[in-house]
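>>> With the sequence up front, the predicted model follows.
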Amino acid sequence: MATKMHGDDLAQLLQSTDVNGQRNGAAVAVSPETSSALSLFVLDPHERDAVLAWEALERGETNYRALVEIFLGRKSSHIQLIRQAYQRKFRRQLEQDIINTEPPHAFQRIIVALATSHKAHQADVSQHLAKCDARRLFKTGEGSSLGAIEEAVVLEIVSKRSIPQLKLTFLSYRHIYGHDYSKSLKKVSATEFADALRMVVKCISNAPKYYAKMLYTNLKGRTVDKSALTRVMVSRAELDMSEIRRAFKRKYGVDIQDCICQSIVCGDYRDFLVALATKTSPATSSSNLFHGLNQGSD
């Protein structure tokens with residue numbers, strides 16, 4: 001079992017650990033899970049996302065959920081930095097690697113549309129445009145006599161709208177038709193595209209709720225995405241962990257840090273996740289994070 005780490009030990013560890021989990025040319029004396037989490041934590045956010053994208057594409061079956069999270073959870077300027085970091089690190093184009101993934105999957109078409117959106121969208125959101133798009137989605141979905149979603153229409157909307165604009169569109173859909181667009185997708189079609197789109201819509205509509213559910217199912221062993229716990233905890237800690245923590249408590253009636261302690265064996269990895277879970281804002285300093293780890297969670 002790994003030896004329990006204290007705040008000063010972790011601070012020193014982070015300063016001397018590279019992205020391969022090595023320290024001063026030697027293996028770091030922590031658990032493999034902690035080494036993986038730390039190797040991501042020490043990276044700049046855009047470099048971290050580039051590494052996560054590469055892992056999603058190269059490690060076994062393509063992890064499209066991880067790719068969707070990257071394109072939905074970052075601003076356009078950040079996406080451009082991810083593209084540059086990916087090309088610099090791996091000598092390849094991120095979007096071309098997504099397009100070339102085999103076998104073909106509906107997620108590919110949606111992610112490519114999201115990538116186009118990040119290149120082309122306007123910053124301002126429009127209530128009028130949101131209502132028009134909501135009606136188009138209805139007419140090409142549950143309001144259509146074809147009994148199936150018109151992918152071309154959906155992909156056109158996704159590729160031309162910003163994430164905030166799409167969020168407003170899905171909110172308008174609920175106001176106009178009395179239920180979420182994700183529910184209409186489940187009712188209208190059981191295709192691979194509809195399933196993929198439902199996941200994207202849920203993430204856009206309520207990201208904290210989406211991530212809270214992902215963390216809960218992972219902690220309870222109800223997911224096949226084994227990397228999700230580390231990926232989400234590290235990547236969202238500086239963004240919206242406070243909102244995720246509130247959504248988690250509201251949905252499951254337990255604090256996320258308590259769920260971590262109940263689900264993971266005592267050790268350095270559990271301490272690290274608890275420290276990430278209890279971050280209060282992006283302004284929280286690294287020393288405060290290490291202090292949280294120093295408190296332990298016996």
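All right, it came through fine.

>>> switch to C-alpha atoms for all contacts and neighbour counts from now on
Fine.

>>> ok, the closest residue to residue 133 other than its chain neighbours to residue 92 distance?
Nearest residue to residue 133, sequence neighbours excluded (Cα to Cα, 6 or more residues apart in numbering): residue 169, at 6.3 Å. For residue 169, the distance to residue 92 equals 34 Å [Cα to Cα, to the nearest Å].

>>> CA-only coordinates of stretch 66-81 in PDB, if you can.
Presented in PDB, the C-alpha positions along stretch 66-81 are these (Å, rounded to 0.1, in the frame of the first residue of the first chain):
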ATOM      1  CA  ALA A  66     -13.600  12.400 -23.500                       C
ATOM      2  CA  LEU A  67     -13.300  14.100 -26.800                       C
ATOM      3  CA  VAL A  68     -16.800  15.600 -26.500                       C
ATOM      4  CA  GLU A  69     -16.000  16.900 -23.000                       C
ATOM      5  CA  ILE A  70     -12.900  18.700 -24.500                       C
ATOM      6  CA  PHE A  71     -14.800  20.400 -27.300                       C
ATOM      7  CA  LEU A  72     -17.800  21.300 -25.100                       C
ATOM      8  CA  GLY A  73     -16.000  22.400 -22.000                       C
ATOM      9  CA  ARG A  74     -13.500  24.900 -23.400                       C
ATOM     10  CA  LYS A  75     -13.600  28.300 -25.100                       C
ATOM     11  CA  SER A  76     -12.700  28.700 -28.700                       C
ATOM     12  CA  SER A  77      -9.400  30.300 -27.900                       C
ATOM     13  CA  HIS A  78      -8.500  27.400 -25.700                       C
ATOM     14  CA  ILE A  79      -9.500  24.900 -28.400                       C
ATOM     15  CA  GLN A  80      -7.000  26.500 -30.700                       C
ATOM     16  CA  LEU A  81      -4.300  26.100 -28.100                       C
END
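
>>> Buried ones in that stretch, by neighbour count?
For stretch 66-81, burial by neighbour count (16 or more other Cα atoms under 10 Å) applies to 66-74, 76, 78-81.

>>> Repeat that for stretch 58-66.
For stretch 58-66, burial by neighbour count (16+ other Cα under 10 Å) applies to 62, 63, 64, 65, 66.

>>> Check stretch 253-269 too.
Buried residues in stretch 253-269, defined by neighbour count with 16+ other Cα under 10 Å: 255, 256, 257, 259, 260, 261, 266, 267, 268, 269.

>>> where's the second one relative to residue 77, distance?
When you say that, I think you mean residue 256. Taken as Cα to Cα, the span from residue 256 to residue 77 is 31 Å.

>>> Residue 208 now?
22 Å.

>>> Compare neighbour counts for residue 169 and residue 92 and give me the winner.
Per other Cα atoms under 10 Å, whichever of residue 169 and residue 92 has more neighbours is residue 169, with 28 against 14.

>>> for the more buried one, what are its contacts?
Contacts of residue 169 were listed using Cα atoms under 8 Å, 6 or more residues apart in numbering, and they are 127, 129, 130, 131, 133, 134.
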